[in-house]
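*Asks:* With the sequence up front, the predicted model follows.
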Amino acid sequence: MSYEGVIEQSIAGLKELLKSGEEIIGYIYPHVPLELFMAHGFTPSLVRALPGVASGFEESLQTFACSYIRNLYSQRANGQFLTLAGLLFPGNTCDSLQNLGDIWSVRFHDDRVLRLTYPVIRYNQDDSATKFLAEEIRLLSEKLSKLYNRPFLAENYDAAVDFVQEFHNGTQFLYSARVIQPEIISYSEVVRLVRTFLTIPTASSMSEIKETVSMVQNKADELGLSDSIETVQKAILSGDYTKVKLPDDLVSPRIVIAGGMVEPQAIASLMNEIPNFSESFIVLDLLSFGFKTVFTKSPTKSDDPFIAMAKSVLSAPGEPTHEGLSYRMNAMKDLLENLSIQGLIVCEQSFCDPDQFEAPSIEKAACELDVRTIRLPLDPELSDRGRIETRIQSFLETLE
Ligand code: SF4
């Protein structure tokens, strides 16, 4: 399915949900406690930048605002946003999102703007980050109860933990299967499933994931790859790659896509336009809307729910708000080295400070392993598409 087709399908699904009376809370930063909204009886939906959005209202934003949030703001100002029960903005992640949240509440008085503030302390250093975020989540929970008169229901929370865990388990399996054999399922299909679930986390999007997992599982069993896939999944979650054994007949080149809030589906569509490019070359992405969300650990039911949700949110791998730079670079080097990666495409959202801060360190870390890299500045409209495609093509030639 084309990128545009996937977007249309997601929007149509969202409209159906609204028509059926579901109350939807949108969120922009992907690492949020989905279980919290479900416990209060809401459907959380990841709101994203869209290609082809006409801008013209950007003068309200600060000059440092990135192309991603300019796109979101223009969607709202153009009337392209669906009516949501509320919209959650993060605090303490980046200046652009802070600015967007501030301006949104001033310009769009009727929208219910919610905030969740994140700690800026490396996870695992001590438990102060977890305690801080747990308290923020508890305050958000109180606000949801008061504002909408919808209390936090323990039975809803328990069901939500199981439901979201199924999403993580299933999509982690699909990502890991592609590491062992990228041809087993296309990258576009995996990221389409992830996107659909994050936009409309319903039983039907979950059952599509389960059917695909079962199909890939059968193929893997026939090929004798199931154990290797399980080993990769455990290795990525634990950071210990000692038991990983890759097959001898790997397709080459093996490429990883690194970056932050870049749309995986847009990357797949871009790559598919390039002559001689095969989706099997993309072994893995390390993007916020892909890998970092998929490999987030689920809350454990034995913990207090707010502590458990905070731990879960902070477990998103490679997330700058949660982990220090050297920790992230070492984790990425382990992954590149042990998964036999030859090329790294570093995507940078235009005018994104976090991406631009991170990219030189990623390049340096990859260079230490002799992994070739290319930096690609992108915007949600892929406005420089022709030039980007040419650069990727030249990059592929260097890998060959
Ligand atoms: S793309 Fe970068 S600057 Fe823009 S909202 Fe995301 S992290 Fe912030």
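*Replies:* Ah, there it is. Predicted model, so just to flag it, every value in this text is computed and none were measured.
*Asks:* Following element in sequence after the helix or strand containing Glu222, please.
*Replies:* Using DSSP states H and E, Glu222 sits in helix 203-223. Downstream of helix 203-223, the next assigned helix or strand under DSSP H and E is helix 226-238.
*Asks:* show me where the protein has strands.
*Replies:* Under the criterion DSSP state E, the chain contains strands at 24-27, 43-46, 86-91, 113-117, 255-258, 282-286, 343-349, 372-378.
*Asks:* Ala134 is nearest to which of the ones you listed?
*Replies:* Closest of these to Ala134 is strand 113-117, at 11.4 Å (criterion: CB to CB). Just so you know, the C-beta spots here come from the backbone N, C-alpha and C atoms, and that holds for glycine as well.
*Asks:* what's the angle between that closest one and strand 86-91?
*Replies:* 30 degrees (axes from the mean of the first three to the mean of the last three CA atoms, to 10 degrees).
*Asks:* ok, strand 113-117: who's next to it in the sheet?
*Replies:* Its sheet considered, strand 113-117 pairs with strand 86-91 (parallel) by DSSP bridges.
*Asks:* how many neighbours does Glu155 have?
*Replies:* Here the count is done by other CB atoms under 10 Å, and Glu155 has 8 residues near it.
*Asks:* so what's it scoring on pLDDT?
*Replies:* Looking at Glu155, its pLDDT reads 97.
*Asks:* ok now do the residue nearest to the spatial centre of the chain, which residues does it touch?
*Replies:* For the chain, the residue nearest the mean C-alpha position is Phe289 (1.5 Å; CA atoms, centre = their mean). Contact analysis of Phe289 by CB atoms under 8 Å, 6 or more residues apart in numbering lists 30, 46, 48, 194-195, 198, 261-264.
*Asks:* Tell me the residues of the stretch 201-350 of the chain that contact the ligand?
*Replies:* Proximity of the stretch 201-350 of the chain to the ligand is confined to 260-261, 349 under the rule CB under 6 Å from any ligand atom.
*Asks:* now, which of those sits nearest Ser340?
*Replies:* Gly260 (24.5 Å).
*Asks:* Tell me how many other residues surround the closest one.
*Replies:* Using other CB under 10 Å, Gly260 has 24 other residues around it.
*Asks:* Isn't it up against Ser288?
*Replies:* Yes: Gly260 lies in contact with Ser288 (CB atoms under 8 Å); the separation is 5.1 Å.
*Asks:* what about the residue nearest to Val283 when sequence neighbours are not counted, distance to the ligand?
*Replies:* Nearest in space to Val283, with sequence neighbours left out and distances taken as CB to CB, 6 or more residues apart in numbering, is Arg254 at 4.7 Å. The gap separating Arg254 from the ligand is 26 Å, by CB to the nearest ligand atom, to the nearest Å.
*Asks:* Quick one: residues contacting Arg254.
*Replies:* Listed by CB under 8 Å, 6+ apart, the contact set of Arg254 reads 182, 281, 283, 339-343.
*Asks:* how about a cut-off of 7 Å?
*Replies:* 283, 340-342 (CB atoms under 7 Å, 6 or more residues apart in numbering).
*Asks:* Give me the PyMOL select line for these, limited to the buried ones.
*Replies:* In PyMOL syntax, the buried subset of the contacts of Arg254 is picked out as below (16 or more other CB atoms under 10 Å):
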select buried, resi 283+341+342
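*Asks:* Could you list the low-confidence segments of the stretch 251-400 of the chain?
*Replies:* Scanning the stretch 251-400 of the chain with the threshold set as pLDDT under 70 gives no residue ranges.
*Asks:* Mind doing that once more with 90?
*Replies:* 251-252, 269-278, 302-303, 318-327, 350, 379-388, 399-400 (pLDDT under 90).
*Asks:* Tell me how far whatever residue of it ends up closest to the ligand lies from Gly224.
*Replies:* Residue nearest to the ligand within the stretch 251-400 of the chain (CB to the nearest ligand atom): Cys352, separated by 3.1 Å. Per CB to CB, to the nearest Å, Cys352 is found 42 Å from Gly224.
*Asks:* Which one's more surrounded, the two?
*Replies:* For Cys352 versus Gly224, neighbours defined as other CB under 10 Å are more numerous around Cys352 (27 against 9).
*Asks:* ok, now which ones touch that one?
*Replies:* Cys352 is in contact with 66, 68, 260, counting by CB under 7 Å, 6+ apart.
*Asks:* and of the residues you listed, the nearest to Ala310?
*Replies:* Gly260 (21.4 Å).
*Asks:* ok now do that closest one, which residues does it touch?
*Replies:* 287-288, 349, 352, 354-355.
*Asks:* how many neighbours does Leu61 have?
*Replies:* That count, for Leu61 with other CB under 10 Å as the rule, works out to 18.
*Asks:* How about the closest residue to the ligand within the stretch 101-250 of the chain, nearest residue that isn't a chain neighbour?
*Replies:* As assessed by CB to the nearest ligand atom, the ligand sits closest to Gly101 within the stretch 101-250 of the chain, at 10.5 Å. Distances taken as CB to CB, 6+ apart put Phe89 closest to Gly101, at 3.2 Å, once the chain neighbours are dropped.
*Asks:* in the sheet, who's paired with the one you found?
*Replies:* Going by DSSP bridges, Phe89 is paired in beta bridges with Arg115.
*Asks:* Which positions in stretch 277-290 come out as buried?
*Replies:* 277-290.
*Asks:* JSON lines for those residues, including distance to Ile307?
*Replies:* JSON lines is the format used below for those (distance: CB to CB, whole Å):
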{"residue": "Phe277", "distance to Ile307": "45"}
{"residue": "Ser278", "distance to Ile307": "45"}
{"residue": "Glu279", "distance to Ile307": "40"}
{"residue": "Ser280", "distance to Ile307": "41"}
{"residue": "Phe281", "distance to Ile307": "41"}
{"residue": "Ile282", "distance to Ile307": "36"}
{"residue": "Val283", "distance to Ile307": "35"}
{"residue": "Leu284", "distance to Ile307": "30"}
{"residue": "Asp285", "distance to Ile307": "30"}
{"residue": "Leu286", "distance to Ile307": "27"}
{"residue": "Leu287", "distance to Ile307": "28"}
{"residue": "Ser288", "distance to Ile307": "24"}
{"residue": "Phe289", "distance to Ile307": "26"}
{"residue": "Gly290", "distance to Ile307": "27"}
